[in-house]
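Novice: my questions are about this predicted structure, shown below with the sequence.
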Amino acid sequence: MTSPLLAAEGVTLGYGQRAVVHDVDLAVRPGALTVLVGANASGKSTLVRGLARLLHPSSGRITLDGTDLHRLPTRQVARTLGILPQHPVAPEGIAVADLVAHGRYPHRSFFRGHRSDDDEVVAAALEATDTAELAGRRVDELSGGQRQRVWVAMALAQQPQILLLDEPTSALDVAHQVEVLDVLRAEVRRGTTVVLVIHDLTLAARYADELVVMAGGRVVARGEPVVTLTEDVVHTAFGVRARLLEDPDTGRPVVLPRSAGDRE
């Protein structure tokens, strides 16, 4: 089944009177992995919060298959959209398996609590994120990297059609970054639409079906990484000069920032 179309139409988002995202149009390609990149304060996280219905646009609208996201029932949105924010907080003392099981909440109702397949889904999410051996441990006892993988497991357990993740690899070493991104790539192959924010431009280029580059709260480039990620785009978005090489395995860009000494 094809995921519904999530789109921003002329969206401005911010906090109080301060606009952070300005007049953005963005249609998230269904069944693809879309990666948002940009410098700090470029609007990536704010845009993801808007797409997840955590922020209401001050102008424009966010739509799901053409319907204003803010007009849809909360449970319908929860079954369709999964969100892993940048700094999630777990209840004190909760065990890993119990936290991951919270991802099943949208699939339950007042009259039907624990479903027969919930345990299987939770176990699969733990296995996919290499956290099964942590199932009985308390979340607050884990390392930062372990906690991050547990949060990703909870998001996977929700089984959303569209999964939004804000910097899901930020606390991970390179091996676990690749593991998590491989998990998300596998979800895309199963038909899930995935949108994530990451900082590593080379990993973004390697995994993205579509790359969205933001600067100053606006989308400055988007498309396939081999076309979108250029030296000029990197300079515009990040204010640094970079040399782009071709990854011998994928043919995609490898980004090598140049220091002031390199340019002398």
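Specialist: Yes, it's here. This is a predicted model, so every value here is computed, not measured.
Novice: would you list every one of the strands in the stretch 101-250 of the chain?
Specialist: For the stretch 101-250 of the chain, applying DSSP state E, counting those that start in this stretch gives strands covering 162-166, 193-197, 210-215, 218-223, 242-246.
Novice: next, the angle strand 210-215 makes with the fourth one.
Specialist: Between the direction of strand 218-223 and that of strand 210-215, the angle (axes from the mean of the first three to the mean of the last three Cα atoms, to 10 degrees) works out to 160 degrees.
Novice: same deal with the first one?
Specialist: In this structure, strand 162-166 runs at an angle of 40 degrees to strand 210-215, with the same axes, to 10 degrees as the basis.
Novice: any idea how far residue 26 lies from residue 73?
Specialist: Residue 26 sits at a distance of 24 Å from residue 73 (criterion: Cβ to Cβ, to the nearest Å). For the C-beta atoms, the positions are set from N, CA and C on the backbone; glycine is no exception.
Novice: give me the more crowded residue out of those two.
Specialist: Between residue 26 and residue 73, counted using other Cβ atoms under 10 Å, residue 26 has the larger neighbour count: 22 against 8.
Novice: the closest residue in space to that one that isn't next to it in sequence bridge partners, please.
Specialist: With Cβ to Cβ, 6 or more residues apart in numbering as the criterion, residue 26 has its nearest non-adjacent residue at 4.5 Å, and that residue is residue 8. Applying DSSP bridges to residue 8 yields these beta-bridge partners: residue 26, residue 62.
Novice: also the one 5 residues further on?
Specialist: For residue 13, the beta-bridge assignment (DSSP bridges) gives partners residue 21.
Novice: quick one on the thing from earlier: nearest to residue 79, of the strands of the stretch 101-250 of the chain?
Specialist: In this view, the strands of the stretch 101-250 of the chain are compared for proximity to residue 79 by Cβ to Cβ, and strand 162-166 is the closest at 10.5 Å.
Novice: and the closest one, which strands flank it?
Specialist: Taking DSSP bridges as the criterion, strand 162-166 forms sheet pairs with strand 81-84 (parallel), strand 193-197 (parallel).
Novice: pick the most buried one from the strands of the stretch 101-250 of the chain.
Specialist: strand 193-197 (a mean of 26; mean count of other Cβ atoms under 10 Å).
Novice: chain center to that strand, what's the gap?
Specialist: 4 Å (Cα atoms, centre = their mean, to the nearest Å).
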